[in-house]
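1. Could you work out the structure for the sequence below:
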Amino acid sequence: IPNSKSNLIIIERNPSETRLSELNIKCWPKWACPPGKYRLKFDAEETCYLLKGKVKAYSSVSAPASSSDFVEFAAGDLVIIPKGIRCTWDVSVAVDKYYKFEPSSSSASSSS
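-> Numbers count the residues shown, from 1 in each chain. A predicted model of the protein is given here:
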């Protein structure tokens, strides 16, 4: 599997307790949403861990018209969403997640 930094959402199914504690997930902020459709744009890379919920994320990068172009993730999954991606989250089961944004490395020197 090529590990290229592209517009691909990476899903790690059922990460181990060790992995979760290494990431210090319990200190991350939490976010929740009811079922529905959400158009999201990620200005920074986000890593999130779903405590509850089920999501189909349709990427609008490649082909918004193509309904087959989606990834599915649910409770227990660790998800890495690349910077700059736009997608629609079709939430079928209410989401409760921990999340963390990566600080932008390209503008690390600027203090804005």
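2. Could you use CA atoms for every contact and neighbour count after this?
-> Noted.
3. Show me which residues of the longest strand seen in the chain are buried.
-> Ranked by residue count and defined by DSSP state E, the top strand of the chain is strand 86-101. The neighbour-count check on strand 86-101 (16 or more other CA atoms under 10 Å) flags 86-91, 93, 95-101 as buried.
4. does Cys48 really touch Glu102, like I thought?
-> No. Cys48 lies out of contact with Glu102 (CA atoms under 8 Å); the separation is 10.9 Å.
5. Specify which residue of those two has the higher count of neighbours.
-> Neighbour tally, Cys48 and Glu102, criterion other CA atoms under 10 Å: the higher count belongs to Cys48, 22 against 13.
6. Can you lay out the buried residues of strand 86-101 as a markdown table showing pLDDT and distance to Val71?
-> What follows is those, written out as a markdown table (pLDDT from 0 to 100; distance: CA to CA, whole Å):
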| residue | pLDDT | distance to Val71 |
| --- | --- | --- |
| Arg86 | 91 | 13 |
| Cys87 | 92 | 10 |
| Thr88 | 94 | 11 |
| Trp89 | 95 | 10 |
| Asp90 | 97 | 10 |
| Val91 | 98 | 12 |
| Val93 | 98 | 15 |
| Val95 | 98 | 16 |
| Asp96 | 98 | 18 |
| Lys97 | 98 | 17 |
| Tyr98 | 98 | 19 |
| Tyr99 | 97 | 18 |
| Lys100 | 97 | 20 |
| Phe101 | 95 | 20 |
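7. So Glu72 is in contact with Ser59, correct?
-> No. The criterion here is CA under 8 Å, and Glu72 misses it with Ser59 at 11.2 Å.
8. The two - which one has more neighbours?
-> With neighbours defined as other CA under 10 Å, Glu72 and Ser59 compare such that Ser59 has more, 25 against 15.
9. can you pull the contacts of the more buried one?
-> Ser59 makes contacts with 69-70, 85-88, as judged by CA atoms under 8 Å, 6 or more residues apart in numbering.
10. Val93 now?
-> Val93 makes contacts with 34-35, 52-55, as judged by CA under 8 Å, 6+ apart.
11. What mean pLDDT does the host helix or strand of Leu50 get?
-> Under the criterion of DSSP states H and E, Leu50 resides in strand 46-59. Across strand 46-59, the average pLDDT comes to 95.
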